[in-house]
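Colleague: everything below, folded, please.
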Amino acid sequence: MNKRTFVAEQERTEGHTHVLLITTGSVASIKAPLIVTELKSFENVKVEVVSTKASLSFFDVGAIERAGARVWRDEDEWAADGGYKIGDPILHIELRRWADIVLIAPCSANTIAKIAHGICDNLATSLLRALAPTTPTYVFPAMNTLMYEHPLTGEHLRIIREVIEYQVVGPVGKTLACGDVGVGAMAEWKDIVQIVVDAFHLTKKVDTPT
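Modeller: Model prediction:
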């Protein structure tokens, strides 16, 4: 496998908003292509996606690529054949340098626990551990209601809000993918996009007549 490279200095474009979407192991990852497609419908927006292995079960990577974004996986950082040399770009560092805003949507109970405890055992959590505290970062929890109501989840989210100082949005109440009814669903994907639109005053692309 040929390891893909990413260098922030080469990938950042002046006058653009650089949105990093992290997807984790919740069925709500199915919304990732919708989030990316909508973000790309605004002027001067670049999107990169970092996905945990579990989240890749829930969406079509090709749909995100067709919308104009790349999906980065653990294998892109830790290629089986190695080959790193001193001075080579480190993917999780380059991606955090590139990002103007980070959206963890969805953020599973597992990833919430990892963030709260500083665990960095995959590309997504390594990136978050290395992230500058000045980078706006939003967490969108998504899980079964009883997982959300577990006392450890509340404590982990308290740490994320009060110690790490990420913004936590949701979850919301509805019928969940597992069939249970209760709080635990990810915030609506359009509302997630709207956070970026409002923060950076984005404007919609104007279709050019053919």
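
Colleague: Asp121 and Ala113 touch, don't they?
Modeller: No: using Cβ atoms under 8 Å, Asp121 is not in contact with Ala113, being 11.6 Å away. In this view, the C-beta of every residue, glycine as well, is placed from N, C-alpha and C.

Colleague: you'd agree Gly184 is in a helix?
Modeller: No: looking at Gly184 with DSSP: H, G, I helix; E, B strand; the rest coil, it is strand, so not inside a helix.

Colleague: run a quick neighbour tally on it.
Modeller: 27 (other Cβ atoms under 10 Å).

Colleague: now stretch 40-51: buried residues?
Modeller: Across stretch 40-51, burial judged by 16 or more other Cβ atoms under 10 Å covers 40, 42, 45-51.

Colleague: which residue ranges of this structure form helices?
Modeller: Secondary structure of the chain by DSSP state H: the helices cover 8-11, 32-39, 61-66, 74-77, 91-98, 109-117, 123-130, 145-149, 151-159, 189-200.

Colleague: the third one packs against which elements?
Modeller: Where contact means 3 or more Cβ pairs under 8 Å, 6 or more residues apart in numbering; DSSP states H and E, helix 61-66 is packed against helix 32-39, strand 70-72.

Colleague: just say which of those is most tucked in.
Modeller: Mean neighbour count, computed with mean count of other Cβ atoms under 10 Å, is highest for helix 32-39 among those, reaching a mean of 22.

Colleague: just the CA coordinates for that helix, please, in CSV.
Modeller: Extracted in CSV, the C-alpha atoms of helix 32-39 (Å, rounded to 0.1, in the frame of the first residue of the first chain):
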residue,chain,number,x,y,z
ALA,A,32,-21.3,12.2,6.6
PRO,A,33,-21.8,12.5,2.8
LEU,A,34,-24.7,14.8,3.3
ILE,A,35,-22.6,17.1,5.6
VAL,A,36,-19.7,17.2,3.2
THR,A,37,-21.9,17.8,0.1
GLU,A,38,-23.7,20.7,1.9
LEU,A,39,-20.5,22.3,3.1
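
Colleague: how big is the angle separating it from helix 189-200?
Modeller: Angle of helix 32-39 versus helix 189-200, following axes from the mean of the first three to the mean of the last three Cα atoms, to 10 degrees, is 40 degrees.

Colleague: coming back round to it: out of the buried residues of stretch 40-51, what pair is the most spread apart?
Modeller: Distance extremes for these: the farthest pair is Phe42 and Ser51 at 22.0 Å, using Cβ to Cβ.

Colleague: what about the nearest residue to Ser51 once chain neighbours are set aside, neighbour count?
Modeller: Nearest non-adjacent residue to Ser51, counting by Cβ to Cβ, 6 or more residues apart in numbering: Thr23, 4.7 Å away. By the criterion of other Cβ under 10 Å, Thr23 has 30 neighbours.

Colleague: alright, calling it a day.
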